[in-house]
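In: Please work out how this folds:
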Amino acid sequence: MSPTTFRWILVASFVLALTGGSIDLVVTSLVPEALSSAQAASDTEIPLLGLVSIVIVGLAASIATLAAYYGLFVFKPWAPRLAIVGTVLSLPLWPMFGVSISSGWSLALTEASNLLWGAAIAAAHFSALKEKFSAPR
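Out: Presented below is the predicted three-dimensional model:
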């Protein structure tokens, strides 16, 4: 895999994640009103301390993810490890978010982003690109 292809995979993963995460907010008709109301009702049941915890942990995970995207894009030696550690450590956080209703489009775009993220992590560790991450910068 060429560095250019690798970077395109990273950019596509990032753009798909942003699009998948925001499409239901922009195109509200993708989620039926009854389900949107049920989600809103469920969200109001989250205790304030729980909400604050989710926001703090989510913000930290988001910062780590952005750092990993940047580091992978510019071939920093620490980036492949941060990408794996951040991804693995974020998995136990998902149950904290509780029930989540999203459209099929949102799910498809987010899953495509996740697949490309996994491909980028694999390429950084198991392809000839691995050498670019070990080179002194």
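
In: Taking the centroid of the protein, which residue is nearest it?
Out: A17 (5.9 Å; Cα atoms, centre = their mean).

In: List the buried residues of the longest helix seen in the chain.
Out: Of all the segments of type helix in the chain, defined by DSSP state H, the longest one is helix 48-73. Of the residues in helix 48-73, those scored as buried under the neighbour-count criterion (16 or more other Cβ atoms under 10 Å) are 57, 64-65, 67-69, 71-73. In this view, the C-beta of every residue, glycine as well, is placed from N, C-alpha and C.

In: got it, and stretch 18-32?
Out: Those buried within stretch 18-32 under the rule 16+ other Cβ under 10 Å are 19-20, 23-24, 31.

In: Spell out the secondary structure type for the residue nearest to the centre of the chain.
Out: Assigned state for A17: helix (three-state reduction, DSSP: H, G, I helix; E, B strand; the rest coil).

In: before we move on, back to that, chain center to the longest helix of the chain, what's the gap?
Out: With Cα atoms, centre = their mean, to the nearest Å as the basis, the distance from the averaged C-alpha position of helix 48-73 to the chain average is 10 Å.

In: and what of stretch 92-112?
Out: Between the mean C-alpha point of stretch 92-112 and the mean C-alpha point of its chain there is a distance of 10 Å (Cα atoms, centre = their mean).
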